[in-house]
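please work out how this folds:
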Amino acid sequence: MKPVRFILALLAAGLLVTALAPMPLSNSMAQQSVTTSSAHVQNAGGNALDLSQRSPLAMMAAAPVIKITMQSVPSSSAGYSCAYISQTPADWTVMTRRQDFDARWTVRNTGSKVWGRTAIDLAYYSGAKMSTRGTVFDLPKNVGLGGKVVLAVDMNAPKNNGWYTANWGLTTAGSGGSKKQFFCLVSISIGVYN
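Residues are numbered from 1 along each chain as shown. Below you'll find the predicted structure:
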């Protein structure tokens, strides 16, 4: 009877982790910073349930422990804001080590200013550095009021197993030595498993 309770507990934990998965936030909300760690549930004989390491139950047993900390987003980018629309791949997608993938976020300009192609940058903000081609990019096009744009970053999954989150955002390009101001934060969280 104990193995059945253990499996039910794992399934409940997996559903809880899925329900609490972070979502990218707009300018009016604080950014989430997710710290994760994973540990496989094992006994002296190896895998606790004698499951394939890629089975859904084994992966739930290795699900991340999530610690959420709230962090303020600088608010001095008056007139600039965004709304998150969608993302690929979905958060908590499991990848192989060093797997190449494109993180793509679709966002809408909900502010009162046009996003100029070269005046607004997509830039690395914090977390795992998985980008393969730099940390600052121009927008692919000008984005008018109410317009939407797909932000894309070519990435490689890290070489070690674990759970990783990368935070990116749109910024006003700093000029004359002024610091860039982030106004639209997005993130991607992935798992790396063999």
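
any low-confidence regions in this protein?
Low-confidence segments of the chain (pLDDT under 70): 1-77, 174-178.

show me where it has its strands.
With DSSP state E, the ranges of strands along the chain come out as 31-37, 42-43, 46-47, 65-71, 82-88, 93-95, 100-109, 120-127, 136-138, 148-156, 162-172, 181-192.

okay if I get these as a markdown table plus mean neighbour count?
Every C-beta, even on glycine, is put in place using the N, C-alpha and C of the backbone. Output for the strands of the chain, formatted as a markdown table (neighbours: other CB atoms under 10 Å):
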| stretch | mean neighbour count |
| --- | --- |
| strand 31-37 | 17 |
| strand 42-43 | 11 |
| strand 46-47 | 14 |
| strand 65-71 | 11 |
| strand 82-88 | 17 |
| strand 93-95 | 17 |
| strand 100-109 | 18 |
| strand 120-127 | 19 |
| strand 136-138 | 14 |
| strand 148-156 | 18 |
| strand 162-172 | 23 |
| strand 181-192 | 24 |
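
ok, for Cys82, nearest residue in space, not its chain neighbours?
For Cys82, ignoring the flanking residues on the chain, the nearest one in space by CB to CB, 6 or more residues apart in numbering is Cys184 at 3.6 Å.
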